[in-house]
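Student: dropping a prediction and its sequence here:
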Amino acid sequence: MIFSPMTVADLDEVLGIERRSFPEPWSRGLFLHELKVPFSTTVLARADEEPHRLIGYVCWWMVGDEIQILNVAVDPEQRQKGVGHTLVALVMHEAAERPVRTVTLEVRRDNAAAIALYRSFGFAEAGLRRHYYGRGDHALIMTWTRPGFAADVAADG
Ligand SMILES: CC(C)(COP(=O)(O)OP(=O)(O)OC[C@H]1O[C@@H](n2cnc3c(N)ncnc32)[C@H](O)[C@@H]1OP(=O)(O)O)[C@@H](O)C(=O)NCCC(=O)NCCS
């Protein structure tokens, strides 16, 4: 796979996957907004072979010592081949390289695939945002905390 930051030129392809991945997909305007947010990063994964078709993407914010994952999606035809894992691993690598304390995200409570993916990286359920995605459609808050963080805080007094 080839990784690159998202640009305006990528938006048609990104929206193609986005619309096939979510009941309430992000709009073009929302992706354009993310491109202007200084603490937002969106990384695309493309196929190695020409014409380097878009396979998936991940968008996250880094604010202070926290990362928030805002969006992850993989082309429906390319799922269950490890792409989602690679995209989340990219964010976790970023967390490991910097003084990041927590990584958080919201996920539909019935999204078993995504929940399993995040659990495999050590994310734990940290709460519920009721009706977050609409009436009766709750979001699970999942958090990864840097190992040893709680102990470090205690040691600092
Ligand atoms: C969630 C999503 C990104 C996973 O991408 P993917 O490329 O299929 O995931 P991977 O092949 O890397 O799988 C990684 C792990 O995710 C979990 N997983 C993926 N698909 C799964 C499925 N259909 N059922 C259960 N677990 C699944 C497994 O734990 C898997 O590890 P394993 O293969 O060792 O069992 C993808 O299904 C997707 O784009 N869904 C629609 C958008 C979405 O829901 N995004 C998350 C928003 S919070």
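Tutor: Now that the structure is in, tell me what you want to look at.

Student: identify the residues contacting Phe3.
Tutor: Residues near Phe3 by Cβ atoms under 8 Å, 6 or more residues apart in numbering: 43-46, 90. Heads up, the C-betas are built off the backbone N, CA and C, glycines and all.

Student: sketch out the low-pLDDT regions of the chain for me.
Tutor: Scanning the chain for pLDDT under 70 picks out 150-157.

Student: find the closest residue to the ligand in it.
Tutor: Gly84 (2.3 Å; Cβ to the nearest ligand atom).

Student: and the helix or strand hosting that residue, what's buried?
Tutor: Using DSSP states H and E, Gly84 falls within helix 83-97. The neighbour-count check on helix 83-97 (16 or more other Cβ atoms under 10 Å) flags 83-84, 86-88, 90-92, 94-95 as buried.

Student: then stretch 111-120?
Tutor: 114-115, 117-118.

Student: now for these: which two are most distant?
Tutor: Ile115 and Leu117 (7.2 Å; Cβ to Cβ).

Student: now the strands for this protein?
Tutor: Under the criterion DSSP state E, strands of the chain are mapped to 2-5, 40-46, 54-63, 66-74, 102-108, 124-129, 139-145.

Student: can I get those strands in TSV including distance to the ligand?
Tutor: Shown next, in TSV, are the strands of the chain (distance: least, Cβ to the nearest ligand atom, whole Å):
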stretch	distance to the ligand
strand 2-5	14
strand 40-46	9
strand 54-63	7
strand 66-74	4
strand 102-108	4
strand 124-129	13
strand 139-145	9
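
Student: and the contacts of the helix holding Gly84?
Tutor: So helix 83-97 is contacted by 1, 3, 43, 45, 55-58, 60, 62, 67, 69, 72, 74-75, 100, 103, 113-114, 117-118, 120-121, 144, 146 (Cβ under 8 Å, 6+ apart).

Student: that older thread, what is the nearest of the buried residues of helix 83-97 to Glu24?
Tutor: Gly84 (19.4 Å).
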